[in-house]
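Q: need coordinates for the following:
(2 chains)
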2 protein chains.
Amino acid sequence: MKSDEQMGFPKNKMIGQNSIAFGQPVVILTSASVVGKKEGQGPLAPLFDKVGTDDMFGAQTWEEAESFLQAQAASLCLEKAGLTSQEIRYIFAGDLLGQCIASSFALAEFKRPLFGVYGACSTSALSMSLGALTISGGAADKVLCVTSSHFASAEKEFRFPLEYGNQRPLSATWTVTGSGAFLLGENNTESKRALISGITPGKIVDYGIKDAMNMGACMAPAAADVIFHHLKDFKRKPSYYDKIVTGDLGFVGKEILLQLLLEKGIDIEKQHTDCGIEIYDPLLQDTHSGGSGCGCAASVLSAYLLKKLETKEWKRILFVPTGALLSKVSFNEGNSVPGIAHAMVLESP
Amino acid sequence: MKSDEQMGFPKNKMIGQNSIAFGQPVVILTSASVVGKKEGQGPLAPLFDKVGTDDMFGAQTWEEAESFLQAQAASLCLEKAGLTSQEIRYIFAGDLLGQCIASSFALAEFKRPLFGVYGACSTSALSMSLGALTISGGAADKVLCVTSSHFASAEKEFRFPLEYGNQRPLSATWTVTGSGAFLLGENNTESKRALISGITPGKIVDYGIKDAMNMGACMAPAAADVIFHHLKDFKRKPSYYDKIVTGDLGFVGKEILLQLLLEKGIDIEKQHTDCGIEIYDPLLQDTHSGGSGCGCAASVLSAYLLKKLETKEWKRILFVPTGALLSKVSFNEGNSVPGIAHAMVLESP
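A: Have a look, this model is predicted:
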């Protein structure tokens, strides 16, 4: 009889056309959220680990401030696990800025191999999906997944200089200043925040929308597509989940998502919420359609969603961060804004 | 006795501090290279699958031209395998442009889930490492890994408008207009170009160099670091490999790499070459230090290195694409240019 080591361990399974069920669930061991001043005035304020008093975080530029956010979230996540960076195997990280500089300049100090990813605001699920794949495939024991966004660096990157004071249409979302970090590990420990049991990576969906001030509409078709394929692949109904949580569709994108799925005979109205809707109070905070950015889904997952799973108030959720695949170059050249979304099954530990 | 399916399959192994040995080698089934006019005048010209006669490739913008390159390489790679895009499980792709728009606009038409990656010019190894991890973990049977770069879109993204006609110092490299696509699969077929038996993902290494016109110097320390760790982790000597092939260090970076490794008692002079050195004739083509860009390592791997492995002229190589983690924002804000490099063990089939 061969030993477990020789025979390997439970095999990951390809499910349906797009999905993966992990042979062993991957564990979210610890997580951390660090956000800016505005996020610290919203309804989730008491839940974040750290709230900045000033969105510069002591840095000289918005980009450095975003790197600082990300480094702080990563450090705090490791600190909660009592680990140094040398005790983790790999880092999976990305952000919204051109060439992902927020991550590059944040993570060099951790001195561990980095898998850089780009999925616009779907990056939290992208990095954790790849981290979970690496662990479930036996290629790592512990990995750190990090992402961030910053209102000011994102406005500069995608739209107008803040000094220009442009007016924001009601369909616009407000980029979250925040970072979320997640330490993933094998399922051999008592202490855990949640389990990742499966994923459905999403494809690019482009309905031809060209309005960069209406990101919810750009991303909703991709969210609908990945939720549809997830439910089909796993043969599940929306009611299997306590919540189906999209990343940053906001109020405008939410309506489109619900409508697109209804057209396919799927009603997720009871289960659905959106991190961009949860993070701000739209009336008191003047955030129009809601929050957005890689840091939106990441910080809300760490602070709010994982708490609900950890305390077993929710048994399982489908976490679906959404990304808009534009750059200022593609936008100014008249291209559409395609969307992408990745879905992860998160269960209470 | 349980079946193979129940017991799982040979487990991937963590090797040393940074590396992974796959339980079963992952196969490069087919690959394709599509390059621009200048690359088609260089020493590797006869080996590329397609050479453009005009670097616009019929598009309206440089960015669209780059997307076209990438879509064409991906299509050709699938065509060689006799597969449609619906027969592959996932795509792993990225490029140099802000928000990876070359990939987003190239790959939507393939209608398969996309894992977007960003590793600057190390992207070919980054995408294939993650693709191989996914296959070796049993989470996919076939994945497509694609990357590209374009001289004109990269100059616009990182340096000056072409119309400005800036003078290039001798340390500068020339961004390759090209794309390479690779179809990875399980080791259960006769027809294959090469085997991927292990990887050593690299970390960010920053020696504080701020000269964006000397990328070789910026990246050489990261290449030295990942080669050092690879040899240490696997307890191998440079002579284990027929070739150790970096991505785009060029002539300037090569000297620094050899020197840095010599200081650690490692001599790779006999084995070392660089895709950026192989792709152009520096005297006839006025390319100074050599070629660079994601498309450099990717197209040279597909056209030249895999041919040497396929014909068994070489038994095994260490393939080490190198990336410079800068953006025009980080550069103009006075930041250094950190490097990263990822190593893959490629063996003749």
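Q: after the strand ranked longest in chain A comes which helix or strand?
A: For chain A, the longest strand by residue count, based on DSSP state E, is strand A:19-35. Moving toward the C-terminus from strand A:19-35, the next helix or strand (DSSP states H and E) is strand A:50-51.
Q: and the stretch 51-200 of chain A, which of its residues are near chain B?
A: A:61, A:63-64, A:89-90, A:94, A:96-101, A:104-105, A:107-108, A:111-120, A:126, A:129-130, A:133-134, A:136-141, A:157, A:200 (Cβ under 8 Å from any Cβ of the partner chain). C-beta: built from backbone N, CA, C; applies to glycine.
Q: was I right about A:V329 contacting B:G98?
A: Yes. A:V329 is within contact range of B:G98, at 6.4 Å (criterion: Cβ atoms under 8 Å).
Q: hmm, the longest strand of chain A in reach of chain B?
A: Yes. Using Cβ under 8 Å from any Cβ, strand A:19-35 reaches chain B at A:20, A:23.
Q: in its sheet, what does that strand sit against?
A: Paired neighbours of strand A:19-35 in the sheet (DSSP bridges): strand A:13-15 (antiparallel), strand A:50-51 (parallel), strand A:178-185 (antiparallel), strand A:194-200 (antiparallel).
Q: so what touches the host helix or strand of A:L257?
A: Per DSSP H and E, A:L257 falls inside helix A:250-263. For helix A:250-263, contacts defined as Cβ atoms under 8 Å, 6 or more residues apart in numbering or on different chains pick out A:171, A:173, A:214-217, A:219-221, A:223-224, A:227-228, A:246, A:249, A:267-269, A:272, A:274, A:276-277, A:282, A:288-292, A:322.
Q: do that again at 6 Å, thanks
A: Contact with helix A:250-263 is made by A:171, A:173, A:216-217, A:219-220, A:223-224, A:249, A:268-269, A:274, A:276, A:289-290, as judged by Cβ atoms under 6 Å, 6 or more residues apart in numbering or on different chains.
Q: am I right that A:C145 is in a helix?
A: No. When DSSP: H, G, I helix; E, B strand; the rest coil is applied, A:C145 is found to be strand, with no helix at that position.
Q: coming back round to it: which of A:V329 and B:G98 has more residues huddled nearby?
A: B:G98 (25 against 19; other Cβ atoms under 10 Å in any protein chain shown).
Q: residue contacts, that one?
A: The contact partners of B:G98, by Cβ under 6 Å, 6+ apart, come to A:98, A:327.
Q: recalculate using a threshold of 10 Å.
A: If you count contacts by Cβ atoms under 10 Å, 6 or more residues apart in numbering or on different chains, B:G98 has them with A:96-100, A:118, A:157-158, A:326-330, B:63, B:157-158, B:327-329.
Q: just the buried ones out of those, please.
A: Neighbour-count burial (16 or more other Cβ atoms under 10 Å in any protein chain shown) is assigned, among the contacts of B:G98, to A:96-100, A:118, A:157-158, A:326-330, B:63, B:157-158, B:327-329.
Q: list the residues that contact the nearest residue to A:K156 once chain neighbours are set aside.
A: Nearest in space to A:K156, with sequence neighbours left out and distances taken as Cβ to Cβ, 6 or more residues apart in numbering or on different chains, is A:W62 at 6.4 Å. Counting by Cβ under 10 Å, 6+ apart, A:W62 touches A:55-56, A:97, A:102, A:150-157, A:162, A:177, B:329, B:333.
Q: that older thread, for the longest strand of chain A, list the C-alpha coordinates in PDB.
A: Once non-C-alpha atoms are left out, strand A:19-35 reads as follows in PDB (Å, rounded to 0.1, in the frame of the first residue of the first chain):
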ATOM      1  CA  SER A  19     -15.700  25.600 -13.000                       C
ATOM      2  CA  ILE A  20     -13.400  23.900 -10.600                       C
ATOM      3  CA  ALA A  21     -14.300  22.100  -7.300                       C
ATOM      4  CA  PHE A  22     -11.200  21.800  -5.000                       C
ATOM      5  CA  GLY A  23     -10.400  18.200  -3.800                       C
ATOM      6  CA  GLN A  24      -9.800  19.800  -0.400                       C
ATOM      7  CA  PRO A  25     -11.300  23.200   0.400                       C
ATOM      8  CA  VAL A  26      -8.600  25.900   0.700                       C
ATOM      9  CA  VAL A  27      -8.700  27.900   3.900                       C
ATOM     10  CA  ILE A  28      -8.700  31.700   4.300                       C
ATOM     11  CA  LEU A  29      -6.600  31.700   7.500                       C
ATOM     12  CA  THR A  30      -6.500  35.400   8.200                       C
ATOM     13  CA  SER A  31      -7.400  38.600   6.400                       C
ATOM     14  CA  ALA A  32      -7.000  42.400   6.900                       C
ATOM     15  CA  SER A  33      -8.600  45.500   5.600                       C
ATOM     16  CA  VAL A  34      -7.100  49.000   5.600                       C
ATOM     17  CA  VAL A  35      -9.300  51.900   4.200                       C
END
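Q: quick check: mean pLDDT of that strand?
A: If you average the pLDDT over strand A:19-35, you get 97.
Q: cool, stretch A:275-288 as well?
A: Averaged across stretch A:275-288, pLDDT comes to 95.
Q: so A:N214 touches A:L326, yeah?
A: No. Here A:N214 lies out of contact with A:L326, judged by Cβ atoms under 10 Å, at a distance of 11.5 Å.
Q: joint contacts of A:V329 and B:G98?
A: A:98, B:63, B:157.
Q: okay, those in CSV with secondary structure next?
A: Shown next, in CSV, are the shared contacts of A:V329 and B:G98 (three-state DSSP):
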residue, secondary structure
A:G98, helix
B:E63, helix
B:E157, helix
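Q: tell me the SS of the spatially closest residue to A:G180 that is not a sequence neighbour?
A: Residue nearest to A:G180 in three dimensions, not counting chain neighbours: A:A298, with 2.8 Å by Cβ to Cβ, 6+ apart. Three-state assignment for A:A298 (three-state DSSP): helix.
Q: quick one: residues contacting A:A298.
A: A:A298 neighbours (Cβ under 10 Å, 6+ apart): A:31-33, A:35, A:70, A:73, A:121, A:123-125, A:127-128, A:145-149, A:176, A:178-182, A:247, A:275, A:321.
Q: drop anything exposed from those.
A: With neighbours counted using 16+ other Cβ under 10 Å, those contain these buried positions: A:31-33, A:35, A:70, A:73, A:121, A:123-125, A:127-128, A:145-149, A:176, A:178-182, A:247, A:275, A:321.
Q: torsion angles phi and psi at the residue of chain A found nearest chain B?
A: Among the residues of chain A, A:G137 lies closest to chain B, at 2.2 Å counting by Cβ to the nearest Cβ. In terms of degrees, to the nearest 10, the main-chain angles of A:G137 are phi -90, psi 0.
Q: just checking, it touches B:F22?
A: Yes. Taking contacts as Cβ under 10 Å, A:G137 lies within contact range of B:F22: 9.1 Å.
Q: what sits in contact with each of these two?
A: Common neighbours of A:G137 and B:F22 (criterion: Cβ under 10 Å, 6+ apart): B:11-12, B:132-133, B:135-137.
Q: give me the subset of those residues touching chain A.
A: Near chain A, judged by Cβ under 10 Å from any Cβ of the partner chain, the entries from the shared contacts of A:G137 and B:F22 are B:11-12, B:132-133, B:135-137.
Q: A:E278 versus A:K254, what's the distance?
A: The gap separating A:K254 from A:E278 is 11 Å, by Cβ to Cβ, to the nearest Å.
Q: next one, pLDDT for A:K2 please.
A: As predicted, A:K2 sits at a pLDDT of 47.
Q: meant to ask about A:E5
A: 46.
Q: so where is chain A shaky, pLDDT-wise?
A: A:1-9 (pLDDT under 70).
Q: rerun that using 50 as the cut-off
A: Where chain A drops to pLDDT under 50, the residues are A:1-6.
Q: domain assignment for it?
A: A:13-185, A:195-347 (automatic domain parsing).
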